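Chemist: predicted model and sequence follow; I will ask about them next.
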Amino acid sequence: MPSRVHAIVVARTGDSAAAQLSQTLEALRDQTTPPDAVTVVVLGSGAQVRDIEGIGHSVEAIIEARATTTFAEAVALAQPRVASGSSVWMLTHDSRPRRRALQLLAGSLERSPSAALAAPKLVRHDDDREIVSMGVSMSRFGRAVELAADELDQGQHDSAEDALGADVRGMLIRGSAPTVLRPDPGLGGADEGLDLGVRARLGGARIVLVPKARVRVRPDGVAATPQREAARAWVSRRAQLHRRLAYAPAFAVPLHWLSLLPLALWRSIAHLIGKRPGAVAPEWGAALASMLAVPAVARSRAGIRSFRTASWAGIAPLRVTRTQLRHRLDDGHGSERGAVSELHFFSGGGAWAVLAALVVGVAAFFPLLAWPSIGGGELLPMQQGVADLWNDAGWGLRDLGPGIVGPADPFAAVLAVLGTLWPGSPSFAVVLLWLGALPLAVLGGWFAATRVTDRSGLRILGGVLWALAPTFLAALVQGRPAAVLLHLLLPWLFHSAAVAHRSWGAAGAASLLTAASLACAPSLAPAFVALWALSLVAMLAAGRVRGAVRVFWLLIPAAALFTPLVYWQLRHGDPWALLADPGAVAPLAQAASDAAGRLLIAQGFPAPDVGGWEWLLGGSFAPFVALLLVPLAVLALTSALSPRWRAGFALLATAVTGLITAMVAVGIQVSFVQGEAVAIWPGTGLSLAWLGAVGAALVTLDTVVAVPALRSAAALITGAGVLVCAVPGLLAVNLGEAQIRNGATSTLPALVAAHASDDADSGTLVMTPLDDGSLATQLVWGPSATLSAQTTMLTTATQVHDDGLAEDAVDLLSARDFDAAAALTDRGIGFVLLSSLPAQSDQARRMSEAAITAIDQRAGFVKAGETPNGRLWQTATPPAERAQPSHAERALGNVIGLGQLIVVLAAVLLSIPTRASRRAARARSRVVGRSLDEPIASRRPHDDADLRTAEIAVASADGQAPDPAQGPDPAQDPDPAQGPDPAQGPDGAQYADPAQGTLPSAAPAPPHPVVEENSR
């Protein structure tokens, strides 16, 4: 036993801290060998500490310090009161040592002359059978790793004595050790015990673990690791970087210092891939703080240098290797075993359903096999190069209109992704989209059905119903690319958003799909926001803060993409223009905004041809087509009475929200084409409504219809009704009733396209006489008007952006005497094209004839002749260079693009699956909203038992379990498993108190707020 032991107790203020300090001081007095002196360092006012009964007899001094003082700084304040040669026992107000703790610690130092430090076993304050910490090591890159933590104490570690470091709480420092062997204040409040162990090793000494010496500690104590994820990441990374700079050789310190910010960027990417977005901001904060803490690093290096007698070779064997850490994270199942929720895509018939849909799709769109591109409807050629596609997706000079610099529609980014999939000919990517639309829809619908049912047949039914939706077939027949892409995206959004509250991987994928869906259909924004807000409120009401944070992220990428356009429209246009359909605008047939049109929408048909039955069999059968969808509607409504009624209500709410959106959208006219106002297409809202209806019908079939034969009959009747309803849509292309056609490579004459291939900045003024005697003008840059170049800034414009160009176009056809060719060439216009409508009125025809005569009489125009696109003239002199954005506008575009890229890249990194996230997903039920008393359908007998066993184990789990969704750190060795959300079970579900019955969890995010429920 050392001749003298001085205990330093660091305490916080507050009633609970004072009570805990009183218990700690009583435990010190009850020691078999009590300390010779006790100094209390109070972080704040010491008034409450002085009021503790009997403190004057057990404490030799009370020192007051700032509330923000760290544990190491507090020990340094008390150091002058420690007598020379006295051992120092470091404690906190919440650490209560057992009676023989100090005797065992001091005895271990006596028996081990080479030991300078002795560390006890830390156990929970309310259960000494659970180990809080016993021994600390570090990885190759310096990250602290607990050797034994959050384990049931069965004596499995009692033989351990040697370690690199330990938790600083309860640690005893030998009296003969130099004063530099004290906690380092530069660490910022973490890893003090590990740093002391490393210093001791470098000084030729070591730390010894004393498992029989136990100290009870609380998780929120002074020297404990912070409970909040961000704070824990901050202190841990800050301490790691400080130790790296303090331990590194002198020549490597500048290199380490210079690498702090690049390393922070790399680790931020790694954190996002590892589904730890909360660690990104602390990562940068720790890097910046370490760069500024040069004096603290210098003091730490000086202290080590004054004490060091050994090399790092003696420390290497005590470090934790990557293999050891991976073994600590392994659950024994790898990524292939232990799964209780298999997908069964191939064995369950999903692959065969997709293959059959591919055959049907090729047959339905057979003429497209010979088309290089698709035209008609709202379809236009794509840009010829991938770089041009991405250029159209950013802020800059638009390829339509008189030199407008502004934001692109987010839909342009979706088209850029689509065109990148076939970089040799982006226009052919649209052809492939049409050919693969049906199998892709079946695939998406099948995966969306996995969130509703385990039954293979019902999953196939869900895929078929989704692919045969009347609104989807109408979009394909009418040539609406935005609506087609939306319908293909919605089931994947459903699939990921339904479990977005469970993991960051699902939240990241759902946020990208939400942004893409809103880019294709901005009119769905109110519906998405409503469902998102409902999910967020439900999460917060259930106390699931971590799940609410993940749900909150879902709209962030979409907000980043739409913010520039929102600003533009609010400043230059009508706020309602933000809901306009993106892409080209065409006066296609759609349901009217009157009572009859809205009744048609309520029946699920966005166009007046009632799914094509109007032209197939005439008007006699069309009124009865809606009866084919009655079985689907009945099943959907019945879901509200099913055992999984919360999910049924959520899906019905989604259907109603989509239906209301369609009803309202058809009456909003914000886009204009050829002088006519065009309403928002109601089909996008109907796609959302169809999603809710199909999902609700599957809930009914999965839970209400218990007899297999009856379930099969109901599914067959429902599927047959939808299939019959889809027959005209599947036959339209082959019968010539579709509005899509073999598209040209350019919307301009060949001469213009050839000239523009050499000069992409050449402009063409396209003038179209209208039936009311007015003149529509459009300025096209390059070889063609392209789909990605379309912008709602122009299609929704209610005022002329360039009055001068409009005046020149009118004066060109008038008797005004001016140099029209020079006026146009000064603007960069080299061609004038006079086009005409397919069916011209007499007034429009007379205006066309007058325009031809007027232009022919103008000097400076060379007649190029009649073309399939109309009458063409070329200016005699080459046009001037097109006006380019200013430096300020380019700088603004770069800043906006960088900000959007950062947000989207973060979502992409979050969505990348890792081994841990895949394993976590496979260990949970794919079906959302299932209760434990609900029958489980499985293809194999043991699947049912595995899933039931797993759910019972989850429901009976007590305490905190490792969260498998927290993946390893890709930048370094994997971190130990993180604990789950206290409000969640290990499967991410919410559980209720047995006395209260079943407690529903919060609903997931858009496009539907499915509620998940479990009961013990």
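Modeler: That came through fine.
Chemist: packing partners of the longest helix belonging to the chain?
Modeler: Ranked by number of residues, the top helix in the chain under DSSP state H is helix 887-911. Packing partners of helix 887-911 (3 or more C-beta pairs under 8 Å, 6 or more residues apart in numbering; DSSP states H and E): helix 260-273, strand 396-397, helix 504-520, helix 556-572. In this view, the C-beta of every residue, glycine as well, is placed from N, C-alpha and C.
Chemist: need these in TSV (columns: mean neighbour count, mean pLDDT and distance to residue 195).
Modeler: Formatted as TSV, the helices and strands packed on helix 887-911 follow (neighbours: other C-beta atoms under 10 Å; pLDDT from 0 to 100; distance: least, C-beta to C-beta, whole Å):
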stretch	mean neighbour count	mean pLDDT	distance to residue 195
helix 260-273	19	90	19
strand 396-397	20	84	52
helix 504-520	27	94	32
helix 556-572	18	91	38
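Chemist: can I get those in CSV with distance to residue 776?
Modeler: Formatted as CSV, these follow (distance: least, C-beta to C-beta, whole Å):
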stretch, distance to residue 776
helix 260-273, 48
strand 396-397, 22
helix 504-520, 27
helix 556-572, 21
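Chemist: mind checking which of those is nearest residue 863?
Modeler: strand 396-397 (30.4 Å; C-beta to C-beta).
Chemist: and the helix or strand that comes right after that closest one, which strands flank it?
Modeler: On the C-terminal side of strand 396-397, the closest following helix or strand by DSSP states H and E is strand 405-406. Take DSSP bridges as the rule and strand 405-406 pairs in its sheet with strand 396-397 (antiparallel).
Chemist: got any ranges where the protein has weak pLDDT?
Modeler: Scanning the chain for pLDDT under 70 picks out 1-3, 54, 327-341, 400-402, 619, 757-760, 800-804, 815, 839, 931-1016.
Chemist: ok, back up a step: which one of the helices and strands packed on helix 887-911 lies nearest to residue 431?
Modeler: helix 504-520 (18.6 Å).
Chemist: so the helix or strand following the closest one versus helix 504-520, what angle?
Modeler: Next along the chain after helix 504-520, taking DSSP H and E as the criterion, comes helix 525-541. Helix 525-541 runs at 160 degrees relative to helix 504-520, counting by axes from the mean of the first three to the mean of the last three C-alpha atoms, to 10 degrees.
Chemist: now do the buried residues in helix 525-541.
Modeler: 525-528, 530-532, 534-536, 538-539 (16 or more other C-beta atoms under 10 Å).
Chemist: dump those residues to CSV, plus distance to residue 890.
Modeler: What follows is the buried residues of helix 525-541, written out as CSV (distance: C-beta to C-beta, whole Å):
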residue, distance to residue 890
525, 30
526, 34
527, 37
528, 33
530, 38
531, 38
532, 35
534, 42
535, 40
536, 38
538, 45
539, 42
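Chemist: what's the lengthiest strand in the chain packed up against?
Modeler: Determined from DSSP state E, the single longest strand within the chain is strand 206-217. Counting contacts by 3+ C-beta pairs under 8 Å, 6+ apart, strand 206-217 packs against strand 96-97, helix 101-111, strand 115-124, strand 162-163, helix 192-202.
Chemist: quick one: the residue most central in space within the chain and residue 908, what's the gap?
Modeler: Nearest to the mean C-alpha position of the chain, by C-alpha atoms, centre = their mean, lies residue 508 at 1.9 Å. For residue 508, the distance to residue 908 (C-beta to C-beta, to the nearest Å) stands at 7 Å.
Chemist: who does the host helix or strand of residue 821 touch, helix- and strand-wise?
Modeler: Element membership of residue 821 [criterion: DSSP H and E] is helix 820-825. Counting by 3+ C-beta pairs under 8 Å, 6+ apart, the packing neighbours recorded for helix 820-825 are helix 803-813, strand 870-875.
Chemist: tell me which residues are up against the next helix or strand after it.
Modeler: Next helix or strand after helix 820-825 toward the C-terminus (DSSP H and E): strand 829-834. Contact with strand 829-834 is made by 748-749, 751-752, 755, 759, 762-769, 779, 812, 824, 848, 851-852, 855, 861, 864, 867, 869-875, 878-879, as judged by C-beta atoms under 8 Å, 6 or more residues apart in numbering.
Chemist: returning to that earlier point: got JSON lines for the helices and strands packed on strand 206-217, with distance to residue 583 too?
Modeler: As requested, the helices and strands packed on strand 206-217 are exported to JSON lines (distance: least, C-beta to C-beta, whole Å):
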{"stretch": "strand 96-97", "distance to residue 583": "69"}
{"stretch": "helix 101-111", "distance to residue 583": "74"}
{"stretch": "strand 115-124", "distance to residue 583": "61"}
{"stretch": "strand 162-163", "distance to residue 583": "64"}
{"stretch": "helix 192-202", "distance to residue 583": "59"}
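Chemist: reformat these as CSV; add mean neighbour count and distance to residue 676.
Modeler: Formatted as CSV, the helices and strands packed on strand 206-217 follow (neighbours: other C-beta atoms under 10 Å; distance: least, C-beta to C-beta, whole Å):
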stretch, mean neighbour count, distance to residue 676
strand 96-97, 25, 81
helix 101-111, 20, 87
strand 115-124, 25, 74
strand 162-163, 17, 79
helix 192-202, 25, 73
